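# sequence? don't have it. structure:
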């Protein structure tokens, strides 16, 4: 739910930097310096434009909850509030109040028509960027490719300085709600309340984007599957009490919190869809998501080390992996909360997305090491303990586990990302369905491979297999 927003933030950051170079040549900050360097070289100007177009092709819609936020002394030339997929019955309601604009130049009253809100579709973005590139003093509010909403010249007179209006969106598409500030050297303060929704056939409001309105049913369906999975797993553990290890109890907890996480996600999305607010279910969602993710990485690491069912203790290097992964997951979930509960309108939103992405990559790499160590250890042990068949079975098991984990990480990080990229905005839910399906398949395979049974085919072998196993273990090609 949070990784797709990373691409949005990067695209907006580049668009802001491009606008800085056109309307604020003297603004002294990092983005302006980078834009000024781009102005000196025409070739360098094309680089962020091409990169921006690539990133914008990766954007996906977000839930459009009813949001109220306060912007204080903000000098950014462009602030993107959110992106939403509209049907032919879409509406945007914006209310601004307590608006004040301060200027550091000699002009005491900046031109109010140079500050305002508009909608921008992905198809129109290229045309807007070309306009900016062709005219270094071009203001986005003057573009004929945007859908104008209002400017500050429409505000009521001070001291109220407010505006409240709802706009219909008759052309179905994905639009970004954007505020633009083309007045040089000005800072804006205001309170903003937004409601973005589509109308259903019965006239009720749907605050979920056109491509995400199926999410409540999707999450509810998978939560029922996991509850059934948990009930069957408990039955298997109960009927094989003698073979149950501590790792199986952790696996039970993982299934429980996965189901609870999906239940909260379903209720969260349903309430946002109907009322525009999650009514506290987002708090439960983040709590269960944190526990579930920590348990998932912990279970993968512990299974990879062979803890509980192959050996009763962890080696020092394996403990270090857990000491790295668990704190990083705490940081990742903090970043997830910040990303999910705010948006690109806050100044550090890009940084939090980068933190989340970096931590996720580190954790995905870290959990692979214990599996590789176990495979190498079993291979070395097989040369001395005289139990070739048993060691070959263990090696086969851990190699299969390695392949399954790599496949799961690849699918949920790359394939799902590709689906979000190529799917039309009306079918964004397909990537969520693919991700949950892959997760369920991963759980089923792992739980089957390491289920508590007295006669596991991986470990109970006949003596007749010893000779064949010894030949296989001598083969140097038995590697990852």
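Thanks, I have it. Quick caveat: nothing in here was measured; it's all calculated off a predicted structure.
# quick one: contacts for residue 103?
Residue 103 sits next to 109-110, 183, 185-187 when contact means Cβ atoms under 8 Å, 6 or more residues apart in numbering. (C-beta placed from N, C-alpha, C; glycine too.)
# Which among those count as buried?
Buried members of the contacts of residue 103, scored by 16 or more other Cβ atoms under 10 Å, are 110, 183, 185-187.
# Switch the residues you listed over to CSV; also include pLDDT, distance to residue 228 and secondary structure.
Putting these into CSV (pLDDT from 0 to 100; distance: Cβ to Cβ, whole Å; DSSP: H, G, I helix; E, B strand; the rest coil) gives the following:
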residue, pLDDT, distance to residue 228, secondary structure
110, 81, 62, coil
183, 86, 59, coil
185, 84, 62, coil
186, 89, 59, strand
187, 90, 56, strand
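# Which stretches in the stretch 51-200 of the chain count as strands?
Using DSSP state E, counting those that start in this stretch, the strands of the stretch 51-200 of the chain run over 67-74, 78-86, 90-103, 115-121, 147-151, 163-169, 173-181, 186-199.
# gap between the first one and the chain center?
I take that to be strand 67-74. The chain centroid and the centroid of strand 67-74 are separated by 24 Å, computed with Cα atoms, centre = their mean, to the nearest Å.
# and the strands of the stretch 51-200 of the chain as JSON lines, adding distance to residue 233?
Output for those, formatted as JSON lines (distance: least, Cβ to Cβ, whole Å):
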{"stretch": "strand 67-74", "distance to residue 233": "40"}
{"stretch": "strand 78-86", "distance to residue 233": "38"}
{"stretch": "strand 90-103", "distance to residue 233": "44"}
{"stretch": "strand 115-121", "distance to residue 233": "47"}
{"stretch": "strand 147-151", "distance to residue 233": "52"}
{"stretch": "strand 163-169", "distance to residue 233": "47"}
{"stretch": "strand 173-181", "distance to residue 233": "41"}
{"stretch": "strand 186-199", "distance to residue 233": "40"}
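# so how far is residue 169 from the closest residue to residue 83 other than its chain neighbours?
Leaving aside its chain neighbours, residue 83 sits nearest to residue 176 (4.7 Å; criterion: Cβ to Cβ, 6 or more residues apart in numbering). Plainly put, residue 176 is 12 Å away from residue 169 if you go by Cβ to Cβ, to the nearest Å.
# So which of the two has more stuff around it?
For residue 176 versus residue 169, the count of surrounding residues by other Cβ atoms under 10 Å is larger for residue 176: 24 against 19.
# if I pick residue 430, what's in contact with it?
419, 423.
# what about 10 Å?
211, 214, 218, 416, 419-420, 422-424 (Cβ atoms under 10 Å, 6 or more residues apart in numbering).
# how would you label it: helix, strand or coil?
Three-state call for residue 430 (DSSP: H, G, I helix; E, B strand; the rest coil): helix.
# ok, it to residue 90 distance?
21 Å.
# Flag every buried residue along the lengthiest helix in the chain.
Secondary structure assigned by DSSP state H gives helix 246-275 as the longest helix of the chain. For helix 246-275, a neighbour-count test (16+ other Cβ under 10 Å) marks 247-248, 250-273 as buried.
# before we move on, back to that, can you select the buried ones from the contacts of residue 430 in PyMOL?
A single PyMOL command selects the buried members of the contacts of residue 430 (16+ other Cβ under 10 Å):
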select buried, resi 211+214+218+416+419+420+423
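# Could you identify the most distant pair in the contacts of residue 430?
For the contacts of residue 430, the maximum inter-member distance is 19.3 Å, found between 218 and 422 (Cβ to Cβ).
# Any stretches of the stretch 351-480 of the chain with poor pLDDT?
Along the stretch 351-480 of the chain, segments meeting pLDDT under 70 span 378, 381-392, 455-480.
# so where's this protein shaky on pLDDT?
1-64, 105-108, 308-314, 378, 381-392, 455-480.
# what about the helix or strand that contains residue 401, distance to the chain center?
Using DSSP states H and E, residue 401 falls within helix 388-410. Remark: helix 388-410 is offset 29 Å from the chain centroid, using Cα atoms, centre = their mean.
# ditto for stretch 296-306
Here the centre of stretch 296-306 is set off from its chain's centre by 23 Å, with Cα atoms, centre = their mean.
# ok, which stretches of the stretch 251-400 of the chain are strands?
Counting by DSSP E, counting those that start in this stretch, the stretch 251-400 of the chain forms no strands at all.
# mind listing the helices for it?
Counting by DSSP state H, counting those that start in this stretch, the stretch 251-400 of the chain has helices at residues 281-305, 316-341, 349-366, 368-381, 388-410.
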